[in-house]
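K.L.:
sequence first, then the predicted structure:
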Amino acid sequence: MKLASWLKSNGISARDFAARIGTTEATISRLKNARAQPSFELAEKILEATAGAVTPNDFLKRTSSADATPSGDTSGLRVLLIIAGGIAAYKSLDLIRRLRERDTQVRVVITRAGQAFVTPLSVGAIAGTAPYTDLFDPRTEFDVGHIRLARDNDVVVVAPATADLMAKLAHGHADDLATAVLLATNSPVLLAPAMNPQMWAHPATQRNAQRLTDDGAVLVGPNEGEMAEVNEAGVGRMAEVPEILAAVERVAKPFGSKVLAGKHVIITSGPTHEPIDPVRYIANRSSGKQGHAIAQAAARSGARVTLVTGPVDIPDPSGVATIHVESAEDMLEAVTSALPADIAIFAAAVADWRTQKKVAQKMKKQADTKKMKLTLVQNPDILKTVAKGSDRPEFVIGFAAETENVIKAAKAKRRAKGCDWLVANDVGHARGVMGGDVNAVHLVTETGVEDWPEMGKHKVAERLIRRIADHLATDKETA
Ligand code: C5P
């Protein structure tokens, strides 16, 4: 609401209002007539004095970017906004308002430092619900709880994301509500960094930003421009509200719509462990990160997902039915029991061999034996069994981890295994793919080879799901 309208409807004079918030009548008159914009502190005071009726946004000129063609279709989303301690917190009030205008549910966490810039009262007035501030607040813990706060949303947005909050998140700290929620969430995380240009350029911040991106977080901004402090300019300004809205849409609705809705997708992930005796096993270096990321992306695109995973150290993806297995034989059994499916993606690094004999006791070292022989037999090929089986899903994708002649081997493997597509990657040691967070893959299809640039495993997963959905949609059109 315009300040002038609010004053009029409440019968308060500019002079009384000025006295109430500790400013001059002339300032209120200028603001009333839209001849000036309030300072951050003044906007805050007006917001509180009017119980949220007059927001900072009401002082923006109609032609400002915030009011331009609405960008960022965030409708229907549940957004958890974390406001950390930076002068740009001022813009977050406008962000809340814009989200709500778009039929978006907004819940807000304000850090302790954030409360030095915006108050829970003003945030609550705009958000329509009281913000959360304490990790051990009994109301929060009994009512919502930080775990539920972390889970019951489609995206977590940190705006402004300060250098300190980014450092904590990059290192897994969880000593306040904001960091605990960020660590516990399995929703996509969008960070809008805002800080002094020197702080942003500092190698530590750059390292943290890189690490957060590798962990799957998405950054919007910071932009170049004037800082709040006099004579400070450079890269560090928080992205503008329309940019953040567009990024929220991109991050929370990466597929535009639920492109795989109604499909059942089976995904295998991780290594398998083939027992030698009760305490030893044959394994490989697969971390399961790529397979799990694909499962997560498939679930976000609306599919019903069954993930069959070997032993890994990463959490089960949200919204996915995860079955934990040890050996290749167990994995085959779990996969076949999960059929029928529309799509199957075999990202697991299944051990080719298992020991022939099942040994019930630990094999002891004998003083006189210098050599020890293990007889290995071939494991079932899960991908091949399913791809050539009677219950074959409509679309089958295999993975190939190769250390040499990657493309040639992948093409041959696609044919031999009977899959539709094959995703090939070079796992030679120098590239650090196994266990790492990035991947450079080649997609071998029936028509050729696509070389994808190196990107985070989450990005590879998203792109693969989008490619599958596009392909199935085109297939349907041409059928
Ligand atoms: O033969 P190779 O292990 O290179 O084949 C890789 C592809 O085959 C992957 O998709 C992998 O998940 C799948 N595979 C399988 N069962 C095996 C071996 C490989 O499903 N026993």
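P.N.:
Everything's here; your move.
K.L.:
any residues of this structure in contact with the ligand? List them.
P.N.:
268, 328, 346, 348, 350, 379, 381-383, 398-400 (Cβ under 6 Å from any ligand atom). The C-beta positions use only the backbone N, C-alpha and C, and glycine is treated the same way.
K.L.:
buried subset of the residues you listed as a PyMOL selection?
P.N.:
The PyMOL selection below is limited to those of the residues of the chain next to the ligand classed as buried (16 or more other Cβ atoms under 10 Å):
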select buried, resi 268+328+346+348+350+379+381+382+383+398+399+400
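K.L.:
return the item of the residues of the chain next to the ligand having minimum pLDDT.
P.N.:
Among those, Ala400 has the lowest pLDDT, at 92.
K.L.:
my guess is that residue contacts Lys408, does it?
P.N.:
No - Ala400 is beyond contact range of Lys408, at 10.8 Å (criterion: Cβ atoms under 8 Å).
K.L.:
quick revisit: of the residues of the chain next to the ligand, which is the nearest to Leu422?
P.N.:
Set against Leu422, the nearest of the residues of the chain next to the ligand by Cβ to Cβ is Gly398 (4.8 Å).
K.L.:
ok, now how distant is that closest one from Ala341?
P.N.:
Using Cβ to Cβ, to the nearest Å, Gly398 is found at 15 Å from Ala341.
K.L.:
next: Ser390.
P.N.:
Ser390 is 13 Å from Ala341, by Cβ to Cβ.
K.L.:
of the two, who's got more company?
P.N.:
More crowded of Ser390 and Ala341, by other Cβ atoms under 10 Å: Ala341, with 24 against 5.
K.L.:
any idea how far the ligand is from that one?
P.N.:
In this view, Ala341 and the ligand are 14 Å apart by Cβ to the nearest ligand atom, to the nearest Å.
K.L.:
now do Asp420
P.N.:
Asp420 sits 12 Å away from the ligand, going by Cβ to the nearest ligand atom.
K.L.:
wait, that residue sits on Phe395?
P.N.:
Yes - counting by Cβ under 8 Å, Asp420 touches Phe395, with 5.5 Å between them.
K.L.:
taking the stretch 1-150 of the chain, what residue is nearest to the ligand?
P.N.:
Ranked by Cβ to the nearest ligand atom, the top residue of the stretch 1-150 of the chain for proximity to the ligand is Ala150, at 31.7 Å.
K.L.:
do the stretch 51-200 of the chain as well
P.N.:
Asn186 (24.1 Å).
K.L.:
in this protein, where is pLDDT below threshold?
P.N.:
34-37, 40, 56-57, 60-71, 138-144, 230, 254-257, 428-435, 476-479 (pLDDT under 70).
K.L.:
determine the longest helix present in it.
P.N.:
For the chain, the helix that runs over the most residues, judged by DSSP state H, is helix 457-478.
K.L.:
tell me the buried residues in that one?
P.N.:
Applying 16+ other Cβ under 10 Å to helix 457-478 flags 457-469, 472 as buried.
K.L.:
same check, this time on stretch 331-351
P.N.:
For stretch 331-351, burial by neighbour count (16+ other Cβ under 10 Å) applies to 331-335, 338-339, 341-351.
K.L.:
ok, stretch 270-281 next?
P.N.:
The neighbour-count check on stretch 270-281 (16+ other Cβ under 10 Å) flags 270-274, 276, 281 as buried.
K.L.:
okay, now stretch 79-94: how far is its last residue from its first?
P.N.:
The straight-line separation of the ends of stretch 79-94 (Cα to Cα, to the nearest Å) is 14 Å.
K.L.:
so how far is it off the chain centroid?
P.N.:
19 Å (Cα atoms, centre = their mean, to the nearest Å).
K.L.:
likewise for stretch 461-471?
P.N.:
Taking mean C-alpha positions (Cα atoms, centre = their mean), stretch 461-471 and its chain are 17 Å apart.
K.L.:
what's in contact with that stretch?
P.N.:
254-255, 259-260, 290, 293-294, 296-298, 301, 343, 345, 395, 397, 423, 443, 452, 455 (Cβ atoms under 8 Å, 6 or more residues apart in numbering).
K.L.:
in strands, which of these appear?
P.N.:
343, 345, 395, 397, 423, 443, 455 (DSSP state E).
K.L.:
who's the third one bridged to?
P.N.:
Listed beta-bridge partners, Phe395: Ile343 (assigned using DSSP bridges).
K.L.:
in contact with it, which residues are there?
P.N.:
Phe395 touches 342-344, 420-421, 468, 471-472, counting by Cβ under 8 Å, 6+ apart.
K.L.:
make CSV out of the residues you listed and add distance to Gly72.
P.N.:
Formatted as CSV, the contacts of Phe395 follow (distance: Cβ to Cβ, whole Å):
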residue, distance to Gly72
Asp342, 31
Ile343, 30
Ala344, 35
Asp420, 35
Trp421, 33
Ile468, 26
His471, 28
Leu472, 28
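K.L.:
ok, so of those, who is nearest the ligand?
P.N.:
Ala344 (9.6 Å).
K.L.:
gap between that closest one and Ala297?
P.N.:
Distance, Ala344 to Ala297, using Cβ to Cβ: 15 Å.
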